[in-house]
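Student: Make a model of this:
(chains A and B)
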Amino acid sequence: MPKGADLTNSLRRAKVGMVIPLAHRGKSLLMQRNSRSSRIVAGAFALPLIGALLASCSSTGTTESSAQSQTPVTGGTMVYASGDAEPSCLDPHVGGNYPQALVASQFLESLFTKDSEGKIIPWLAEKTEVSKDGLTRTITLRDGIKFTDGTKLTAEAIKKNIEHLKDPNTASSTGYLAVGKVVKVEATDELTATLKLSTPDNALLESLSMPWTAIESPKALERDQATNCTAPVGTGPFKVKSWEHQKAVNLVRNDDYVAPVADENRSSTTSYLDGITWRFIPEAATRYAALQSGEVDVIDNAQPDTIASATDTGLGHLDAPRPGSTNRIELNSSNAPFDDQKVREAFIRAVDVNTGVNSLFFGTAKRSYSLLSSVEPLGYSDEALFGTDTAKANALLDEAGWSERDAQGYRTKNGKRLSLRFPVSTNQSVPAEQSLFEQFQAQAKAVGFEVKIDLLDLSSWYGALAKHEYNLVSAPYTKVGPSVLRVLYHSDSTVPAPSGYFANNAQVKNKKLDQLLVQAEETEDDAQRASLYEQAQKIVLEGYYVLPLYDQQNHFLYGKNVHGIGATTAVSSPIYFDTFLDQ
Amino acid sequence: MNTIAWVGRKVGGALVVLWLVASAIFIAIRLIPGDPAEAIMGGPGSQASAQALAAARAEYALDQPIITQYFLYLGKLLTFDFGTSYSLKQPVTQVMGEVLPNTLWLSLMALLIAWLLALCFSALAMRAGRIGTFVGNLLEIIAAAVPHFWLGAVLIMLFSSALGWLPAVDNGTGRGLVLPILTLALPLAGFLTQLMRDSLTEAMSSQFALAARARGESRLKLFWRHGLRHAALPALSLTGWAFSSLLSGAVVVEAIFARPGLGRSLLSAVLARDIPMVTGIALFSALVYIVVMAISEGIERMINPAGDPR
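Tutor: I've put the predicted structure just below:
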């Protein structure tokens, strides 16, 4: 889902890779991606961390921390401070945004996850098979796993959960889309579920790796929604003890936790922490002050300047870019002036992204030249398309007929000024990103573009998009896997949902691209899938519909007393199963 | 005017004001662009189907003619039914009830501290020389002028980040209350001091003060027995206003210090376009304002029965 989908908050985060690889939990991490739902806040940018834990994983999450390997100690309650708005429901099936994923990753688990190479691997599931025609998928669950209400994990749970996601009364956005092609689920036997699909979907396992499709106790799902929202019941290392609204969600250790994939090197089968106090501290400066003074142990939504100063003072840093799309500016090709590719390229050539990113993000964000996050193995990148070249920009605009200039120096054509509307969501764009856009505004002016930046709250921002009152927009999307490309660039995504929302903000309508995206999602062949997605990405990049900036930033800072941070889910939301505190 | 008539007038006036406020809120909310059904179904960007949106409209009577909606709304208000929060799906009164004590406690403590500070500074100002008066004046003006968000951030940087004396967020020990209270109290104290000092200066140089001094009363006694009474009157009549300014300050302070409360609920309700929640909190604030104003007028009547507070 779109990032901002939930209103109230959203932030975005990137993810870290999660994966705890089966074999070495605790050591690796993974990465993943997802996209749709999250909103993103722009989080941060990344620096890598390096912890002992992550050392082996390359991709997504990186941690740097002073504490290297240490013997884990059991006990203590970790205080987590989130900069996101408090979710209105802790069940990520409902709505489905990143703040929900962050907290739910502690108490809910998914059928699949990602390993350190970004490969999808079974988690609660033990194995899975798909029929020749791609329309029937069987999922076999691991035996011996229980929800924290004592219910056993069975195939019936898969059925109940997918039905819950598809039920309009649940009001699921992200999870609903993820299981959109599942028509029916049957529990074939106690541990085997059979999913009937409307069309082949090679992204289904990626979809089922996201916290928005996590498996909850079927018994708990029978409670009314308001109750389930307060304390969803899962199989994770922690469980929800209580939720004091506006204050904290209190999580406690699940003493009966059975890791779906055990780590033989681990001294304990349950979490080291007694619990987590999950607080919401919206103000970035307060959150960081609380971390510095030791009132809280971990903060999210760390901002670039803070990250730089934190790492100087020995605080730990986890950089976990989210999967799915990059943060990028989309150029609305459905109306003038961006219905002309020359004008789109002129804008992209006119701005100097790298200098701005380097200075405003203090080295915490790495420039991207791709539609997809760096944690997506199938992402295609082409730096040559995006070099700054103002001479070329001017020439292109002259060619496109924008050759006159008005008194203010802006270009005109037939008496109309070359003017661009750029609504910016203050929810989704962090201050550093807003400053970057202001730099673009000044640079574009030099070649004759007038860019009107409008800072908006999330609802107004969505309203502006729904009414097509934009030429430029930054709207990151979190989803695991390259199928996010279909969400973002297939012509079907230009058709608004009843709420007015559409995901194809660049308004790309290209038959060939549509075909590639559909085929890529249905093929059985991995090599063909990769090739189809590469062709699709080239069409979008070479058509200058998008200006890639950097990964969706997702940075966490933690105190010197905190160890064992690094494992994440497929959407890069950290899991604190391995985390321990100095006693 | 006798007391009973005075109370009757106050109550009648209050009802009219509440009705006007309720109507203004109703109209203002209809002028906001966007579909409330969307807010109910998870906000913009949601994938809610047309049927789900229609169902939400029917459930919240949003499909009725506007005039019907207005009377339904007024009818519910008469029974103190503010409806169900769109985002939290809980009755608004329940949500408000949970967080209200936090905000009241914060505001009352801030009011108390502001009064104490104002009294101390006014008393000190009596003894100050020219330079002292100048410095005092300057400090008052600065205190009265600083915005809450700036003051809060500075206090956190100073006492929490740099000195490490006080927590930036409340950890349940009560020490976490110090900075939020100061953030709210300092600007108000600056304002009250300005008011009190002016009237105090006037009172202390008046004929009765001179007469009392001539009788041999000490300056201190004079201050407590006569000066204060005169000085407190204008400040007191502004306390109703001050209290409601604390409620609005609480929106900022609760966000900065991550405290649960009415202000924070209001902020998230506005961002989520949670109409029943916004309406409930706005009406409640109006009610508080009216009640506090009436109380401060009542106290004024008691202190100064001669004056005619209308």
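
Student: Is there proximity between the stretch of helix or strand residue B:249 belongs to and chain A?
Tutor: Here residue B:249 sits within helix B:239-256, counting by DSSP states H and E. Yes: using C-beta under 8 Å from any C-beta of the partner chain, helix B:239-256 reaches chain A at B:255, B:256. Quick note: C-beta positions are derived from backbone N, CA and C, even for glycine.

Student: Report the buried residues of that helix.
Tutor: Going by neighbour count (16 or more other C-beta atoms under 10 Å in any protein chain shown), the buried part of helix B:239-256 is B:239-240, B:242-247, B:249-256.

Student: got it, and stretch A:512-520?
Tutor: Buried, per 16+ other C-beta under 10 Å, within stretch A:512-520: A:513, A:514, A:516, A:517, A:518, A:520.

Student: Stretch A:112-127 too?
Tutor: Buried residues in stretch A:112-127, counted by 16+ other C-beta under 10 Å: A:112-118, A:120-126.

Student: where does the chain have low pLDDT?
Tutor: All of this is about chain A. Under the criterion pLDDT under 70, the flagged ranges of chain A are A:1-69.

Student: wrong one, I was asking about chain B
Tutor: Looking at chain B by pLDDT under 70, you get B:1, B:33-34, B:42-47, B:304-310.

Student: Show me how the record splits it into domains.
Tutor: B:2-78, B:95-303 (automatic domain parsing).

Student: Nearest to residue A:138, out of those domains?
Tutor: Minimum separation from residue A:138 across the domains of chain B (C-beta to C-beta) falls at domain B:2-78, 27.5 Å.

Student: which residue packs closest to the residue of the stretch 201-350 of chain A found nearest chain B, ignoring adjacent ones?
Tutor: Proximity of the stretch 201-350 of chain A to chain B (C-beta to the nearest C-beta) peaks at residue A:246, 3.4 Å away. Spatial nearest neighbour of residue A:246, excluding adjacent residues (C-beta to C-beta, 6 or more residues apart in numbering or on different chains): residue B:260 at 3.4 Å.

Student: and the one you found, helix, strand or coil?
Tutor: Classification of residue B:260 by DSSP: H, G, I helix; E, B strand; the rest coil places it in coil.

Student: can you pull the buried residues of the strand or helix carrying residue B:296?
Tutor: Assigned by DSSP H and E, residue B:296 belongs to helix B:275-303. Under the neighbour-count criterion of 16+ other C-beta under 10 Å, helix B:275-303 has B:275-286, B:288-290, B:292-294, B:296-297, B:299-301 buried.

Student: residue contacts, residue B:23?
Tutor: residue B:70 (C-beta atoms under 8 Å, 6 or more residues apart in numbering or on different chains).

Student: Surely it is in a helix?
Tutor: Yes: judged by three-state DSSP, residue B:23 forms part of a helix.

Student: For burial, what's the neighbour tally of the one residue in the stretch 301-450 of chain A that gets nearest to chain B?
Tutor: In the stretch 301-450 of chain A, the residue that lies nearest chain B is residue A:427 (8.0 Å; C-beta to the nearest C-beta). Residue A:427 has 27 neighbouring residues, counting by other C-beta atoms under 10 Å in any protein chain shown.

Student: In space, what's closest to it - neighbours in sequence excluded?
Tutor: Per C-beta to C-beta, 6+ apart, closest to residue A:427 is residue A:458, 4.4 Å.

Student: roughly how far apart are the one you found and residue A:434?
Tutor: Separation of residue A:458 from residue A:434 (C-beta to C-beta, to the nearest Å): 14 Å.

Student: Which of those two has more residues huddled nearby?
Tutor: Each of residue A:458 and residue A:434 has its neighbours counted (other C-beta under 10 Å); residue A:458 has more, 27 against 17.

Student: who touches residue 289 in this structure?
Tutor: You didn't say which chain, so I picked chain A. Per C-beta under 8 Å, 6+ apart, neighbours of residue A:289: B:156, B:157, B:160, B:161, B:168.

Student: Chain B, not that one
Tutor: Residues near residue B:289 by C-beta under 8 Å, 6+ apart: B:240, B:243, B:244, B:247.

Student: Look up how far chain A lies from it.
Tutor: 23 Å (C-beta to the nearest C-beta, to the nearest Å).

Student: can you give me how far stretch A:173-181 is from the chain middle?
Tutor: Mean-position distance between stretch A:173-181 and its chain equals 15 Å (C-alpha atoms, centre = their mean, to the nearest Å).

Student: Straight-line length of it, end to end?
Tutor: End-to-end distance for stretch A:173-181, by C-alpha to C-alpha, to the nearest Å: 14 Å.

Student: count of residues packed around residue B:3?
Tutor: Counted with other C-beta under 10 Å, residue B:3 comes out at 9.

Student: And residue B:171, by the same measure?
Tutor: Using other C-beta under 10 Å, the number of residues around residue B:171 comes to 15.

Student: Can you tell me the closest non-neighbouring residue to it?
Tutor: Leaving aside its sequence neighbours, residue B:171 sits nearest to residue A:295 (C-beta to C-beta, 6+ apart; 5.9 Å).

Student: same deal with residue A:380?
Tutor: residue A:537 (4.1 Å).

Student: how close does the one you found sit to residue A:143?
Tutor: 41 Å.

Student: ok, those two, which is more surrounded?
Tutor: residue A:537 (24 against 11).

Student: May I have the residues that are in contact with that one?
Tutor: A:370, A:371, A:372, A:379, A:380, A:485.

Student: Give me the subset of those that lies in helices.
Tutor: residue A:485 (DSSP state H).

Student: and which of the contacts of residue A:537 is nearest to residue A:156?
Tutor: residue A:485 (34.2 Å).

Student: Can you tell me the strand partners of the helix or strand containing residue A:278 and which way each runs?
Tutor: Assessed by DSSP H and E, residue A:278 sits inside strand A:275-280. Under the criterion DSSP bridges, strand A:275-280 sits next to strand A:77-82 (parallel), strand A:248-253 (antiparallel) in its sheet.

Student: can you list contacts of that strand?
Tutor: For strand A:275-280, the external contacting residues (C-beta under 8 Å, 6+ apart) are A:77-86, A:103, A:106, A:238, A:241, A:246-253, A:296, A:576, B:169, B:258.
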